[in-house]
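Enquirer: sequence isn't available, so here's the structure alone:
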(Lines give C-alpha, C1' and ligand atoms only; values in the text may rest on other atoms or scores of the structure.)
Protein backbone atom coordinates (compact mmCIF):
# COMPACT_ATOMS: atom_id res chain seq x y z
CA UNK A 1 0.00 0.00 0.00
CA UNK A 2 1.45 3.41 -0.95
CA UNK A 3 2.23 6.02 1.68
CA UNK A 4 0.15 9.22 1.68
CA UNK A 5 3.13 11.06 0.16
CA UNK A 6 3.43 8.48 -2.63
CA UNK A 7 -0.32 8.72 -3.29
CA UNK A 8 -0.10 12.51 -3.47
CA UNK A 9 2.88 12.37 -5.85
CA UNK A 10 1.05 9.91 -8.09
CA UNK A 11 -2.14 12.01 -8.07
CA UNK A 12 -0.18 15.14 -9.01
CA UNK A 13 1.55 13.25 -11.82
CA UNK A 14 -1.71 11.80 -13.16
CA UNK A 15 -3.45 15.18 -13.02
CA UNK A 16 -0.68 16.87 -14.98
CA UNK A 17 -0.11 19.51 -12.33
CA UNK A 18 2.98 21.68 -12.74
CA UNK A 19 5.67 21.39 -10.05
CA UNK A 20 4.82 22.93 -6.69
CA UNK A 21 7.48 25.08 -4.99
CA UNK A 22 7.34 26.01 -1.30
CA UNK A 23 9.14 29.24 -0.55
CA UNK A 24 10.83 29.42 2.86
CA UNK A 25 12.80 32.10 4.63
CA UNK A 26 12.71 34.73 7.30
CA UNK A 27 9.71 37.05 7.14
CA UNK A 28 12.22 39.92 6.93
CA UNK A 29 12.53 38.80 3.28
CA UNK A 30 8.83 39.12 2.40
CA UNK A 31 9.58 41.42 -0.56
CA UNK A 32 12.15 38.95 -1.86
CA UNK A 33 9.66 36.09 -1.35
CA UNK A 34 7.12 37.99 -3.44
CA UNK A 35 9.71 38.47 -6.18
CA UNK A 36 10.62 34.76 -6.06
CA UNK A 37 6.89 33.93 -6.24
CA UNK A 38 6.59 36.04 -9.39
CA UNK A 39 9.62 34.42 -11.03
CA UNK A 40 8.65 30.85 -10.08
CA UNK A 41 5.08 31.43 -11.29
CA UNK A 42 6.36 32.89 -14.58
CA UNK A 43 8.49 29.74 -14.94
CA UNK A 44 5.33 27.64 -14.77
CA UNK A 45 5.42 26.49 -11.17
CA UNK A 46 2.70 26.58 -8.51
CA UNK A 47 3.98 28.54 -5.51
CA UNK A 48 3.07 28.24 -1.83
CA UNK A 49 4.71 30.59 0.66
CA UNK A 50 4.17 32.43 3.94
CA UNK A 51 1.39 34.98 3.61
CA UNK A 52 1.54 36.48 7.10
CA UNK A 53 4.28 38.71 8.39
CA UNK A 54 3.89 38.95 12.16
CA UNK A 55 6.50 41.73 12.20
CA UNK A 56 4.07 44.00 10.34
CA UNK A 57 1.28 45.34 12.58
CA UNK A 58 -2.09 43.65 12.04
CA UNK A 59 -5.16 43.00 14.18
CA UNK A 60 -4.75 39.23 13.78
CA UNK A 61 -1.60 39.23 15.90
CA UNK A 62 -2.18 42.33 18.01
CA UNK A 63 -2.90 40.31 21.16
CA UNK A 64 0.30 38.56 22.39
CA UNK A 65 -1.50 35.35 23.50
CA UNK A 66 -3.42 35.09 20.23
CA UNK A 67 -0.25 35.92 18.31
CA UNK A 68 1.61 32.99 19.91
CA UNK A 69 -1.22 30.57 19.08
CA UNK A 70 -1.34 31.91 15.53
CA UNK A 71 2.43 31.49 15.18
CA UNK A 72 2.09 27.79 16.08
CA UNK A 73 -0.77 27.29 13.60
CA UNK A 74 1.17 29.08 10.86
CA UNK A 75 4.18 26.86 11.51
CA UNK A 76 2.02 23.75 11.12
CA UNK A 77 0.47 25.19 7.97
CA UNK A 78 3.89 25.95 6.49
CA UNK A 79 5.07 22.39 7.15
CA UNK A 80 1.95 21.22 5.29
CA UNK A 81 2.96 23.45 2.37
CA UNK A 82 6.39 21.81 2.39
CA UNK A 83 4.75 18.35 2.33
CA UNK A 84 2.61 19.47 -0.60
CA UNK A 85 5.59 20.85 -2.52
CA UNK A 86 7.84 19.04 -4.95
CA UNK A 87 10.77 21.28 -3.98
CA UNK A 88 11.68 24.11 -1.63
CA UNK A 89 13.21 27.49 -2.48
CA UNK A 90 14.91 29.26 0.42
CA UNK A 91 14.93 33.03 0.00
CA UNK A 92 17.34 35.49 1.57
CA UNK A 93 20.93 35.83 2.59
CA UNK A 94 20.37 34.76 6.21
CA UNK A 95 19.23 31.35 7.48
CA UNK A 96 17.80 31.53 11.00
CA UNK A 97 16.72 28.70 13.27
CA UNK A 98 13.16 28.46 11.92
CA UNK A 99 14.30 28.38 8.30
CA UNK A 100 17.03 25.89 9.17
CA UNK A 101 14.35 23.64 10.72
CA UNK A 102 12.20 23.98 7.58
CA UNK A 103 15.19 22.98 5.42
CA UNK A 104 15.84 19.94 7.61
CA UNK A 105 12.14 19.01 7.44
CA UNK A 106 12.08 19.33 3.64
CA UNK A 107 15.22 17.22 3.31
CA UNK A 108 13.77 14.59 5.67
CA UNK A 109 10.90 14.28 3.20
CA UNK A 110 13.31 13.99 0.29
CA UNK A 111 12.42 17.39 -1.16
CA UNK A 112 15.14 19.12 -3.16
CA UNK A 113 16.12 22.46 -1.65
CA UNK A 114 17.33 25.45 -3.70
CA UNK A 115 18.70 28.73 -2.35
CA UNK A 116 18.53 32.26 -3.74
CA UNK A 117 21.78 32.83 -1.84
CA UNK A 118 23.65 29.48 -1.73
CA UNK A 119 26.43 31.08 0.29
CA UNK A 120 23.94 31.49 3.16
CA UNK A 121 22.76 27.87 3.04
CA UNK A 122 22.65 25.74 6.19
CA UNK A 123 25.85 23.97 5.18
CA UNK A 124 27.74 27.29 4.95
CA UNK A 125 29.90 28.35 7.90
CA UNK A 126 27.89 30.32 10.45
CA UNK A 127 28.10 34.08 10.29
CA UNK A 128 27.40 36.56 13.05
CA UNK A 129 24.22 35.84 14.98
CA UNK A 130 21.33 38.03 13.91
CA UNK A 131 17.67 37.65 14.91
CA UNK A 132 15.16 36.54 12.28
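Expert: Thanks, I have it. Just so it is clear, the structure is predicted and the values come from calculations on it, not from any experiment.
Enquirer: run through who's touching stretch 86-101.
Expert: Here stretch 86-101 makes contact (CB atoms under 8 Å, 6 or more residues apart in numbering) with 12, 19-26, 28-29, 32-33, 36, 40, 75, 82, 102-103, 106, 111-117, 119-122, 124, 127, 130-132. From N, CA and C alone the C-beta is placed, and that goes for glycine too.
Enquirer: the residue nearest to the spatial centre of the chain and residue 102, how far apart?
Expert: Geometric centre of the chain, nearest residue: residue 24, 2.7 Å, by CA atoms, centre = their mean. Going from residue 24 to residue 102 by CB to CB, to the nearest Å gives 5 Å.
Enquirer: intersection of neighbour lists for those two?
Expert: Common contact partners of residue 24 and residue 102 (CB under 8 Å, 6+ apart): 78, 82, 88, 90.
Enquirer: now, the residues you listed that are in helices?
Expert: 78, 82 (DSSP state H).
Enquirer: including neighbour count and distance to residue 49, could the shared contacts of residue 24 and residue 102 go into a markdown table?
Expert: Formatted as a markdown table, the shared contacts of residue 24 and residue 102 follow (neighbours: other CB atoms under 10 Å; distance: CB to CB, whole Å):
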| residue | neighbour count | distance to residue 49 |
| --- | --- | --- |
| 78 | 21 | 9 |
| 82 | 20 | 11 |
| 88 | 23 | 10 |
| 90 | 26 | 11 |
